[in-house]
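*Asks:* output the structure for:
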Amino acid sequence: MKISIYIPVFNQREELRRTLRALIPEKDGHEVFIVDRGSSDGSPDVAREHDWVRVLDSDAAPLSRALNEAVQTGDGEILFFLRPGGIPARGWSEVLEEQLGKDIDAGHFHTREADPAFPWAAAVRGLARKFGHQLIGGPSSLNGVAVKRDLFAQVEGFQPVPEFEWLAFANRLRQAGATVKPIGHEVLTAPAPGSRQADAWEELKDDLVAAWKYRKTENFDPVRSRRRASAAILFGYDVFPEDTAGEYVDYARDELLKLSLERMQSFRGVERIYFIGGKKTTDLIGQPSGVEIVGKHKSGLQKRFEGLVKQLKDEGVEGLMLVRGVSEELTHRALQDLSEGEGEAPCLILPEADSPEWLALWLEPAALEAVEGWELAPEYAPLQAHLKTKAVRQEVEAGLHRLRTDSDARALYYAGILDRVPA
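*Replies:* Okay, the predicted model is just below:
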């Protein structure tokens, strides 16, 4: 049986290279498609190094739509979806042909960490993940999942439920009478650069808990449902004056901005993402998938910001997140705490530690109504003073840190976040 492999990618050059190399021994007779979602780091070039790989450019959002469109290209009887960095263990093609040929209609591989720093902890996580997936019906993400092409078309592909595409899809397959079971094989995954054991346990817990909630309700929880009708604005670091701190810091800021953009694109807590930047950062990010560039960089920052806020208010957005994109601490967890934190917070401000500047803001509809007349600026005291006159409740929580000095940038290299060696 012919297998069509689909790998969505955004700025994951090295991860993609690792996955493609792993596919070489068993690629014959099958086809591989890279669904590039606006990468600016050369990811498509890595794919084009192999003449047996086809690159499909997609500006479709969310991921489910991009993959649904990509599946129209290809003619394999089996569809196999991988994430960049995922390495299917040897024998994957034979297993898929055998099990989807007679035993099941769709299923997922188990995931196991490759070359972990602490093998015993990785083994325990692997068992917890395997047991958890048995309870919830599979992984939340699309890494190592396979389905027969005719069934994929029968249920009209993936649904727009970010990070829960497989669970929703598996439910629809079962409702259609298909047999959906785990596949007795593995996909090896590597931890993100600079990640720690605590991060790995936290990510596993978040993934299983969120997937369990989704599996029970077949929907997002009430808070997340509301937040999905929200928007986010990522600001380039050149919209406000920055200190000149050296060439390596400039490089680090560029890399952190791209990392922040990637995390925003994969964050499931907002529906739309906008970018406002100066000339350098606007040119740097290009035209990323799922992100709208607001106005030309030569137009006034205040005018662009006010116009966008008015548009979102008129559309009835449930909330607006503002993020300055040069913090190494801008993680999915930080974004989720900002937009889905306990209680109602019409204005939640996360300033830079030991600084009067904000790095992230969360504005509920009440704060959006009151923010008219606020002059966008990096200091948060004027915003507090402005909202106080409007009787809008606000909270301030320190915790993020912005890259400023050469030593900050060097620390990112030693943490595994930056690739280039400091001079």
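*Asks:* any idea how far residue 158 is from residue 120?
*Replies:* Distance from residue 120 to residue 158, counting by C-beta to C-beta, to the nearest Å: 36 Å. All C-beta atoms are positioned from the backbone trio N, CA, C, and that covers glycine.
*Asks:* same check, this time on residue 287
*Replies:* For residue 287, the distance to residue 158 - C-beta to C-beta - is 24 Å.
*Asks:* for residue 104, same thing?
*Replies:* 19 Å.
*Asks:* what do you get for residue 23?
*Replies:* Residue 23 is 22 Å from residue 158, where distance means C-beta to C-beta.
*Asks:* got it, and residue 369?
*Replies:* To residue 158, residue 369 is 36 Å away according to C-beta to C-beta.
*Asks:* pick out whichever of the two has more residues nearby.
*Replies:* residue 158 (23 against 13; other C-beta atoms under 10 Å).
*Asks:* which stretches of the stretch 301-423 of the chain aren't confidently modelled?
*Replies:* Scanning the stretch 301-423 of the chain for pLDDT under 70 picks out the ranges 341-344.
*Asks:* and the strands in it?
*Replies:* For the stretch 301-423 of the chain, the strands defined by DSSP state E, counting those that start in this stretch cover 320-324, 347-351, 358-363, 394-396.
*Asks:* partner strands of the shortest one and their direction?
*Replies:* Pointing back at strand 394-396 there. Here strand 394-396 has these sheet partners by DSSP bridges: strand 347-351 (parallel).
*Asks:* so how far is the strand it pairs with from its chain's centroid?
*Replies:* Computed by C-alpha atoms, centre = their mean, to the nearest Å, the chain-centroid distance of strand 347-351 equals 22 Å.
*Asks:* likewise for stretch 131-149?
*Replies:* Using C-alpha atoms, centre = their mean, the offset of stretch 131-149 from its chain centre is 18 Å.
*Asks:* got the CA coordinates for that stretch in PDB?
*Replies:* Output of stretch 131-149 as PDB, limited to C-alpha atoms (Å, rounded to 0.1, in the frame of the first residue of the first chain):
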ATOM      1  CA  PHE A 131      -1.500   5.000  29.700                       C
ATOM      2  CA  GLY A 132      -3.000   8.400  29.300                       C
ATOM      3  CA  HIS A 133      -3.500   8.000  25.600                       C
ATOM      4  CA  GLN A 134      -5.400   4.700  26.300                       C
ATOM      5  CA  LEU A 135      -7.800   6.600  28.500                       C
ATOM      6  CA  ILE A 136      -8.400   9.600  26.300                       C
ATOM      7  CA  GLY A 137      -8.300   7.900  23.000                       C
ATOM      8  CA  GLY A 138      -5.000   9.000  21.600                       C
ATOM      9  CA  PRO A 139      -2.600  12.000  21.500                       C
ATOM     10  CA  SER A 140      -3.900  15.500  21.300                       C
ATOM     11  CA  SER A 141      -1.400  16.400  18.600                       C
ATOM     12  CA  LEU A 142      -0.800  15.000  15.100                       C
ATOM     13  CA  ASN A 143       2.500  13.200  15.500                       C
ATOM     14  CA  GLY A 144       2.500   9.700  14.300                       C
ATOM     15  CA  VAL A 145      -1.200   9.300  13.400                       C
ATOM     16  CA  ALA A 146      -2.400   7.400  10.300                       C
ATOM     17  CA  VAL A 147      -5.700   6.900   8.600                       C
ATOM     18  CA  LYS A 148      -7.000   5.400   5.300                       C
ATOM     19  CA  ARG A 149      -7.500   8.100   2.700                       C
END
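*Asks:* now that stretch: average pLDDT?
*Replies:* The average pLDDT within stretch 131-149 is 86.
*Asks:* what residues go with each domain of this protein?
*Replies:* For the chain, automatic domain parsing gives the domain ranges 3-217, 222-414.
*Asks:* so residue 418 sits right up against residue 408, yeah?
*Replies:* No. Applying C-beta atoms under 8 Å as the test, residue 418 and residue 408 come out as separate, 10.8 Å apart.
*Asks:* between the two, which one's more packed in?
*Replies:* Of the pair residue 418 and residue 408, residue 418 is the one with more neighbours under other C-beta under 10 Å, namely 22 against 17.
*Asks:* any idea how far that one is from residue 180?
*Replies:* According to C-beta to C-beta, residue 418 stands 42 Å off from residue 180.
*Asks:* picking up where we left off before, overlap in contacts, residue 418 and residue 408.
*Replies:* Each of residue 252 lies in contact with both residue 418 and residue 408 under the rule C-beta atoms under 8 Å, 6 or more residues apart in numbering.
*Asks:* report the buried residues of the lengthiest strand in the chain.
*Replies:* Criterion DSSP state E: the longest strand present in the chain is strand 180-189. Neighbour counts over strand 180-189 (16 or more other C-beta atoms under 10 Å) mark 180, 182-183, 185-189 as buried.
*Asks:* could you dump these to CSV with pLDDT and distance to residue 261?
*Replies:* Output for the buried residues of strand 180-189, formatted as CSV (pLDDT from 0 to 100; distance: C-beta to C-beta, whole Å):
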residue, pLDDT, distance to residue 261
180, 90, 35
182, 90, 34
183, 90, 34
185, 90, 34
186, 90, 31
187, 90, 26
188, 87, 27
189, 86, 22
